[in-house]
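**Q** Please work out how this folds:
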Amino acid sequence: FHNLGNTYMKKKDYAQAVEAYKNALRNNSEDDETRYNYALAKKFLEGDKRQNSQNSDDSEQEKKDKSDDQKENKDEDQNSDQDSDSEKDKPKDQQDKNQDEGGGLSIQQMENLLDAVNNSENVSDILTLEDFQNYNVVWRDPLCVKYREHKLCGLPPPAGNISVFMILKMLENYDVKSFQPTSPEFIHFYSEISALTYSDRNFYLADPDYVNIPIEGLLNEKYLRDRVSVVSETNSIRNPKPGKPEGAKKYSENIDISRDSTSHLVIVDLYGNAISMTSTIEGPFGSHLMAGGFMLNNELTDFSFLPHYDGAPTANRVEAGKRPLSSMSPTIIFDKNNNIHSLTGSPGGTSIIGYVAKSILGLLDWDMTPQESVNIPHYMRKKDVTELEKGTELEEHQKFLEAIGHKVSIKRKRSGLHVAKKVGEGYILSLIHI
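**A** Model prediction:
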């Protein structure tokens, strides 16, 4: 029934999609993706009904306006010829200036992109030249925290570094060095803390230009100590709730449908310039559309398509001009003298946060080489399920974790971690983990 609903959604038959998802929920009422799609289909169906009603009311007015439009079009055609001549008469530098609009894209490049999107099979006329011309790159100061004796810097929200830093700051309450990286006891603590972090992320994080994010409240040491105080050595937390950091407003939970596909690399050059860079077009090959040799992104799926949920607005809802919530967490680590110690980051969708946090533990707490840190088998918990990497020694810990309340899933995990660490006068780089 779920797949049938998806088929009807593609055909834009929202009434049938609603019925199919409703039947799917009768079989499994807890499936988040089906609940999400069901609510989305209902929204689209309501929109269709409103549009049909509006079209009926507007039809008579359109007939009246048609004759007036024909007269105006004749006048516009004459003016257009005059405008074309005046554009040719402009100085060359002024003509070139027009091509710098839209983040450095030329008018021709923008038109190629418009054609690729608006002439595709599933959409029409949703992207305009003004969309490109109104786009601006935003410069944001890095987000930095102290972890033990080191300074960690990464991207502020809507990127994922704040969640990485929350996990690490909560782990400062433990003697991480005393644990083996793959011991069931440490996997338990790490997974519980991760679940608390992801819970806060799902409610409070979004584009800071649109939502007042309580960054200081989320990273406040007392708040994080209070959060971690609920973690037990012998019982797993079921259904972790978001905390109440200072400055937080009430939002509903972000329902995620993003896909795991990202790229990451770290580079250090001969002169000591360093970059940790994560990029994405969302999902394998993005929107599956190409223009001018570039694959176009599908980042809209990083938003929550439900603007309101459980009686409250969703922080990461879709809004014009808004940037979506991201898990990308490129990180540079500095020593106590403010020199570069190491760099890390990873692809992997919402798993990025867990991958990067664990690689930092490897570099700083367990004093590992870059390769050793990326080779640690993967474990994490984003919500209800504790994930253990398939085909590794972690599978042996399933019974232990289930005995203390974990719901365990053995699954393939592909991080793509890439790490560099300064050693002497040079750097050691890891191979990219696959």
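
**Q** From here on, just use CA atoms for contacts and neighbour counts.
**A** Will do.

**Q** Run through the helices of the stretch 201-350 of the chain in chain order.
**A** 215-219, 221-228 (DSSP state H, counting those that start in this stretch).

**Q** Tell me which helix or strand Tyr190 sits in.
**A** According to DSSP states H and E, Tyr190 maps onto helix 184-204.

**Q** can you give me how far that helix is from the chain middle?
**A** For helix 184-204, the distance from its own C-alpha centre to the chain's C-alpha centre is 18 Å (Cα atoms, centre = their mean, to the nearest Å).

**Q** got the angle for that helix vs helix 221-228?
**A** Counting by axes from the mean of the first three to the mean of the last three Cα atoms, to 10 degrees, helix 184-204 points 120 degrees away from the direction of helix 221-228.

**Q** name the helices or strands packed onto helix 184-204?
**A** If you count contacts as 3 or more Cα pairs under 8 Å, 6 or more residues apart in numbering; DSSP states H and E, helix 184-204 packs onto helix 161-171, strand 379-381, helix 398-403.

**Q** Give the rounded mean pLDDT of that helix.
**A** Helix 184-204 carries an average pLDDT of 98.

**Q** now stretch 218-230
**A** pLDDT averaged over stretch 218-230 gives 97.

**Q** For that stretch, could you pull out the residues that count as buried?
**A** Neighbour counts using 16 or more other Cα atoms under 10 Å place Leu218, Leu219, Tyr223, Leu224, Arg227, Val228 of stretch 218-230 among the buried residues.

**Q** List the contacts of Gly286.
**A** Met295, Leu296, Asn297, Asn298, Glu299 (Cα atoms under 8 Å, 6 or more residues apart in numbering).

**Q** report the angle between the axes of the helix holding Tyr190 and helix 161-171?
**A** Using the same axes, to 10 degrees: helix 184-204 against helix 161-171 is 140 degrees.

**Q** Flag every buried residue along helix 184-204.
**A** So for helix 184-204, counting by 16+ other Cα under 10 Å, buried means 184-204.

**Q** Please apply the same query to stretch 25-39.
**A** Buried-residue list, stretch 25-39, by 16+ other Cα under 10 Å: Leu25, Thr34, Arg35, Tyr36, Asn37, Tyr38, Ala39.

**Q** what do you get for stretch 12-27?
**A** Buried residues in stretch 12-27 (16+ other Cα under 10 Å): 12-22, 24-25.

**Q** Just the ones of those in helices?
**A** Those of these mapping onto helices are Tyr14, Ala15, Gln16, Ala17, Val18, Glu19, Ala20, Tyr21, Lys22, Ala24, Leu25, per DSSP state H.

**Q** pLDDT score assigned to the first one?
**A** Going back to what we said before, that points to Tyr14. With respect to pLDDT, Tyr14 has a value of 85.

**Q** residues in contact with it?
**A** Tyr14 neighbours (Cα under 8 Å, 6+ apart): Tyr8, Ala41, Lys42, Phe44, Leu45.

**Q** Kindly write the ChimeraX command that selects the buried subset of these.
**A** Typed into ChimeraX, the next command selects the buried ones out of the contacts of Tyr14 (criterion: 16+ other Cα under 10 Å):
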select :8,41,42,44,45
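
**Q** circling back to that earlier point, neighbour count says what about the contacts of Gly286? Which are buried?
**A** By 16+ other Cα under 10 Å, the contacts of Gly286 give Leu296, Asn297, Asn298, Glu299 as buried.

**Q** Is the third one in contact with Leu289, as I believe?
**A** If I follow you right, that is Asn298. No - Asn298 lies out of contact with Leu289 (Cα atoms under 8 Å); the separation is 9.4 Å.

**Q** residues bridging contact with those two, i.e. touching both?
**A** With Cα under 8 Å, 6+ apart, Asn298 and Leu289 have no common neighbours.

**Q** Closest one of the ones in helices among the buried residues of stretch 12-27 to Leu127?
**A** Tyr14 (23.2 Å; Cα to Cα).

**Q** So what sits opposite Ala274 in the bridge?
**A** On the basis of DSSP bridges, Ala274 is bridged to Val268.

**Q** I'd say it and Leu265 touch.
**A** No - the criterion here is Cα under 8 Å, and Ala274 misses it with Leu265 at 10.8 Å.

**Q** Show me which of those two is the more surrounded one.
**A** Between Ala274 and Leu265, counted using other Cα atoms under 10 Å, Leu265 has the larger neighbour count: 21 against 16.

**Q** what about the helices and strands packed on helix 184-204, which gets the closest to Pro330?
**A** helix 161-171 (7.4 Å).

**Q** what's that closest one packed up against?
**A** Helix 161-171 packs on strand 143-147, helix 184-204, helix 215-219, helix 221-228, helix 352-364, going by 3+ Cα pairs under 8 Å, 6+ apart.

**Q** change it to 7 Å
**A** helix 184-204, helix 221-228, helix 352-364 (3 or more Cα pairs under 7 Å, 6 or more residues apart in numbering; DSSP states H and E).

**Q** Compare those helices and report which one is nearest to Val408.
**A** Relative to Val408, the nearest member of the helices and strands packed on helix 161-171 by Cα to Cα is helix 184-204, separated by 10.8 Å.

**Q** Could you pull out the strands in the stretch 301-434 of the chain for me?
**A** 308-309, 312-313, 331-334, 340-344, 379-381, 385-389, 407-411, 420-423, 426-429 (DSSP state E, counting those that start in this stretch).

**Q** so where's the chain shaky on pLDDT?
**A** Low-confidence segments of the chain (pLDDT under 70): 29-30, 47-104, 122-125, 259-260, 432-434.

**Q** Would you point out which residue is most central in it?
**A** By Cα atoms, centre = their mean, the chain has its centre lying nearest to Ser326, at 2.3 Å.

**Q** excluding its backbone neighbours, what's nearest that residue?
**A** Ala159 (4.7 Å; Cα to Cα, 6 or more residues apart in numbering).

**Q** that older thread, now the ones in helices among the buried residues of stretch 12-27 as a markdown table including distance to Asp209?
**A** A markdown table is the format used below for these (distance: Cα to Cα, whole Å):
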| residue | distance to Asp209 |
| --- | --- |
| Tyr14 | 33 |
| Ala15 | 36 |
| Gln16 | 38 |
| Ala17 | 35 |
| Val18 | 34 |
| Glu19 | 38 |
| Ala20 | 38 |
| Tyr21 | 35 |
| Lys22 | 36 |
| Ala24 | 38 |
| Leu25 | 36 |
